[in-house]
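[1] A structural model of the following input is requested.
(one chain, ligands or ions: 1)
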Amino acid sequence: MTPIEVHGLRKAYGGIPAVDGISLAVGPGEIFALLGPNGAGKSTTVEILEGHRRRDSGDVRVLGEDPFSAGRRWRSRIGIVLQTATDAADLTVRETVRHYSRFYPAPRDPSLVLDLVGLSDKAGARVRTLSGGQRRRVDVALGIIGNPALVFLDEPTTGFDPEARRQFWALIRSLAADGTTVLLTTHYLEEAAALADRLAIIAGGRIVAAGTPSTVGGLARAQTTVTWRDGTGLHEVRTDSPNSVVAALPPDALDLQIRRPSLEDVYLDLIGARS
Ligand SMILES: Nc1ncnc2c1ncn2[C@@H]1O[C@H](COP(=O)(O)OP(=O)(O)OP(=O)(O)O)[C@@H](O)[C@H]1O
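    Prediction:
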């Protein structure tokens, strides 16, 4: 079964389209990222897939069911990490995770989950005493405590320090390696590049490019830019074979730079072209 299948999804607010004909499919154990500027339609799409919002039209199947009419059993098989942090401030971290585990038929072991998200040493602390990034880890713990087949992560690492972000990426990879499907929205392009098997760039409610982080938007075919300075000034060459350009440089060449276009370049080009 394909965990997520979407065809021609549309949703408008007050007659203004927010999602304007999106189609995508996410396979089992795949990490799929949705990228796009503020207001692009990512959250609306994800909320429809989570069953939290009604669509105007389009076919949507999530774990084989229509999320809007799916029942409790379906809900227990998905995990959700929302943008807004959990408000369980007076409970300890351990109590919070245990409490949530009781809502699921086959939860993960709470201690194991605290270990996975790197909060074992904060298990006895009240949630309200945690830092922003630590609270976010509690959110992630609550998103995976039910041992879901599919996890939705809405900007999961906002507020994480660089080390915590890397630990989080390792956690998500290990979940996916165990067969969990992950749909991620993020504003961090390096996060999408590091985590996603495939990604879609959304702007104005439509997918403007989709592919792997190394091929999306023609990245694989994009030329490399070689720049250098010599006695006659600054030079820039765009080429498919940077090695031969470098090999032919004059002996007095300085400040050599070789730059492959990044996901960020493609993203900004695509988004810029639409605004
Ligand atoms: N409940 C609502 N009522 C009216 N308009 C809404 C509502 N929710 C979203 N919108 C509008 O729909 C469009 C898409 O919003 P959405 O939240 O899906 O974007 P997003 O890509 O998730 O943005 P961000 O990156 O800022 O989270 C925006 O123009 C937004 O103003």
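[2] Every contact and neighbour count from this point should use C-alpha atoms.
    OK.
[3] so how far is the one helix or strand Gly58 maps to off the chain centroid?
    Secondary structure assignment for Gly58, by DSSP states H and E: strand 57-62. Put simply, strand 57-62 sits 21 Å off its chain's centre (Cα atoms, centre = their mean, to the nearest Å).
[4] Distance-wise, check Phe32 relative to Phe160.
    Distance, Phe32 to Phe160, by Cα to Cα, to the nearest Å: 20 Å.
[5] same deal with Arg61?
    Arg61 sits 32 Å away from Phe160, going by Cα to Cα.
[6] before we move on, what about Thr232?
    47 Å.
[7] on that earlier part again, okay, buried residues for the strand holding Gly58 please.
    Going by neighbour count (16 or more other Cα atoms under 10 Å), the buried part of strand 57-62 is Val60, Arg61, Val62.
[8] Would you reformat those as a markdown table and include pLDDT and distance to Ala196?
    Below are the buried residues of strand 57-62 laid out as a markdown table (pLDDT from 0 to 100; distance: Cα to Cα, whole Å):
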| residue | pLDDT | distance to Ala196 |
| --- | --- | --- |
| Val60 | 98 | 22 |
| Arg61 | 98 | 21 |
| Val62 | 98 | 19 |
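[9] Alongside the ligand, which residues does the stretch 101-250 of the chain contribute?
    Counting by Cα under 6 Å from any ligand atom, no residue of the stretch 101-250 of the chain lies close to the ligand.
[10] Ala210 - how many residues pack around it?
    By the measure other Cα atoms under 10 Å, the count of residues near Ala210 is 19.
[11] Just confirm it contacts Val216, I think it does.
    Yes: using Cα atoms under 8 Å, Ala210 is in contact with Val216, at 5.6 Å.
[12] Now do stretch 33-51, average pLDDT.
    The average pLDDT for stretch 33-51 rounds to 95.
[13] Next, the residues that contact that stretch from outside, please.
    For stretch 33-51, the external contacting residues (Cα atoms under 8 Å, 6 or more residues apart in numbering) are 11, 18-19, 53-55, 60-62, 66-70, 80, 152, 154, 183-187, 189, 192, 196, 198-206, 271.
[14] got the buried residues for that stretch?
    By neighbour count on 16+ other Cα under 10 Å, the buried set for stretch 33-51 is 33-37, 40-51.
[15] try stretch 266-275
    By 16+ other Cα under 10 Å, the buried positions in stretch 266-275 come out as Val266, Tyr267, Leu270, Ile271.
[16] and the first one, what helix or strand is that in?
    By that I understand Val266. Using DSSP H and E, Val266 falls in helix 263-274.
[17] what helices or strands is that helix leaning on?
    On a contact count with 3 or more Cα pairs under 8 Å, 6 or more residues apart in numbering; DSSP states H and E, helix 263-274 meets helix 189-195, strand 198-203.
[18] Many thanks, we can stop here.
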